[in-house]
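# what follows is a predicted protein model with its sequence.
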Amino acid sequence: MGYMPVIGLEIHAELMTRTKVFCSCETGFGSERNSHVCPVCLGMPGALPVLNQKAVELAVSAGLLLGCEITRTTRWDRKNYFYPDLTKAYQISQLYAPLCLGGGLEINGRFIRLNRIHLEEDAGKLVHERNVSILDYNRAGVPLIEIVTEPDIRSSDEAVEFVERIRRNLVYGDICDGKMEQGSLRVDANISVMPEGSDVYGTRSEIKNINSFRFIKRAIEFEIERQIGVLENKGRVIQETRRYDEASGETFSMRSKEDAHDYRYFPDPDILPLFISDEDIAAIREKLPEPPHIRFLRYTDSYGLSAKDAETILSERFTADFFDAAVKNGADPKAASNAVRGELLRCVRESGGNEIPIGAEDFTKALVLAAKNAITQEGLKTALSYMFFNRADLDTAVKVNNLLVSEDAGLIGTVISEVLAASPDIVSKYKDGNQRVFSYLFGQCVKRLKGKALPATIDAELKKGLSEL
């Protein structure tokens, strides 16, 4: 019997506010443990929460970018459960009147629906060290949105692409930094399987706190196979919460799965309902950047980039912003795309950073020099790399690396003679009809000339030199 996976996601995204959602403690990551806490986020008796307006604006921004309907009157609920990382024994969240409803994204021709986006406070963090667990409450009270999908996803690949697209929208909107390795974006996956052709969902398991795209894929695939194995052996899938173990690549049971009534939700008596006007929504919408899917259409339709090239540039906002600045400055879109996707992304990976420290004007001038054959393509790469790592301008990069093409016939002839003299066996093979070795000789000439001659000139002069032997 064949089975169809049914997957729903809960994506938790910490919002980029300076302070927490119900108090004035800072939200910075990586600080000394328990250094950003106060009576409010520690749940001390008598401490009262005050709502962070910026957190509401960012949550609404997320809803607008993802096509949601914004709730005009929303309220706050207490989600009650006991766990060491929750100092109050309840979490301030939204169940009955979430901030955003509906919306979704199209993935490969299929529309994945959202059920809701609600705003809540994050819990603290348990740090496990040797034989002890340490509680760090710096994260307690950090504003968090939970993006909940309908059970529309049908594969691990589709789930990963959906989370990637959600992350991209949040990063472009300056809503969440998207740093999964730091826990600012985490995913819970609800997974079940049902017989192909059936419309009755199976019993689901929830896998908690997955923090990388690779692990999302692996955890879902393992859980699908696990549940199919249970059913094939005439067993019964239990509704439960599970965790994914990165080392083994398997999921393990944590506890039986809770439903909403298990949390005894009730309205929070300390926080008034929130009223959002049409004017409020219009003001937030006005501040939103151009969303990634609109940029994609501009890149492919107006600039003629391939879908793959456009996706690469859009993969991070800083690369897309740099590309747009260059095109606005007059750079040829395709030449700019090639340089950004090639040498500049290589430099970014090597540096381990998340910026391109080159001015759009200098970048455009470098592309023009290459287009006019004033520098070679190798020279262009050298210039970009030098500017990137040395924070230098174009003139300095060209001068220091002596990149301007001189087309000195004497120099070219001398280098070709040296290469041929140093490679008698290769030359002999070429003379015997082995044309493939030409590329080796050509590469040696290019390497020695260091961008002082155009490839077409080197090609012609090298063939001439070989013919005269």
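Great, that's in hand. Residues are numbered from 1 along each chain as shown.
# need the distance between the two termini of stretch 294-313.
Terminal residues of stretch 294-313 are spaced 13 Å apart (Cα to Cα, to the nearest Å).
# start at 6 instead
Yes, from this point I'll number from 6; that puts the last item at stretch 299-318.
# contacting residues around stretch 253-273?
80-86, 97, 100-101, 209-213, 223-224, 227-228, 231, 243-250 (Cβ atoms under 8 Å, 6 or more residues apart in numbering). Bear in mind the C-beta positions are built from the backbone N, C-alpha and C, glycine included.
# so which of those sit within helices?
Among the contacts of stretch 253-273, the ones falling in helices (DSSP state H) are 223, 224, 227, 228, 231.
# report the beta-bridge partners for residue 196.
Beta-bridge partners of residue 196, counted by DSSP bridges, are residue 12, residue 210.
# count the residues that sit near it.
29 (other Cβ atoms under 10 Å).
# which residues sit against the helix or strand bottoming out on mean pLDDT in the chain?
Within the chain, no helix or strand scores below strand 130-134, which has a mean of 83 by mean pLDDT, DSSP states H and E. Contacts with strand 130-134, where a contact means Cβ under 8 Å, 6+ apart, come from 38, 89, 90, 138, 139, 140, 141, 142, 143, 144, 188.
# centre of the chain to that strand, how far?
26 Å (Cα atoms, centre = their mean, to the nearest Å).
# after it comes which helix or strand?
For strand 130-134, the succeeding helix or strand toward the C-terminus, using DSSP states H and E, is strand 137-141.
# using CSV, write out every CA atom in that next one.
Output in CSV follows, covering the C-alpha atoms of strand 137-141 (Å, rounded to 0.1, in the frame of the first residue of the first chain):
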residue,chain,number,x,y,z
VAL,A,137,23.7,19.6,34.9
SER,A,138,21.2,21.8,33.1
ILE,A,139,21.6,25.5,33.5
LEU,A,140,18.6,27.9,33.0
ASP,A,141,19.3,31.1,31.0
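# model confidence over it, on average?
Taken as a whole, strand 137-141 carries a mean pLDDT of 89.
# just checking, residue 350 touches residue 324?
Yes. Counting by Cβ atoms under 8 Å, residue 324 is a contact partner of residue 350 at 7.0 Å.
# common neighbours of those two, please.
The contact sets of residue 350 and residue 324 overlap at residue 317 (Cβ under 8 Å, 6+ apart).
# tell me where the stretch 156-305 of the chain has strands.
190-200, 210-215, 245-250, 255-261, 271-272, 279-280 (DSSP state E, counting those that start in this stretch).
# so residue 420 belongs to a helix, correct?
Yes. Residue state for residue 420 (DSSP: H, G, I helix; E, B strand; the rest coil) corresponds to a helix.
# quick check: it vs residue 260, distance?
From residue 420 across to residue 260, the span is 72 Å (Cβ to Cβ, to the nearest Å).
# compare neighbour counts for the two and give me the winner.
residue 420 (23 against 10).
# so what's the closest residue to residue 281 other than its chain neighbours up against?
Leaving aside its chain neighbours, residue 281 sits nearest to residue 77 (5.4 Å; criterion: Cβ to Cβ, 6 or more residues apart in numbering). By Cβ under 8 Å, 6+ apart, the contact list for residue 77 reads 280, 281, 282.
# mind putting these in TSV, distance to residue 453, pLDDT and neighbour count included?
Formatted as TSV, the contacts of residue 77 follow (distance: Cβ to Cβ, whole Å; pLDDT from 0 to 100; neighbours: other Cβ atoms under 10 Å):
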residue	distance to residue 453	pLDDT	neighbour count
280	73	96	10
281	67	97	17
282	70	96	9
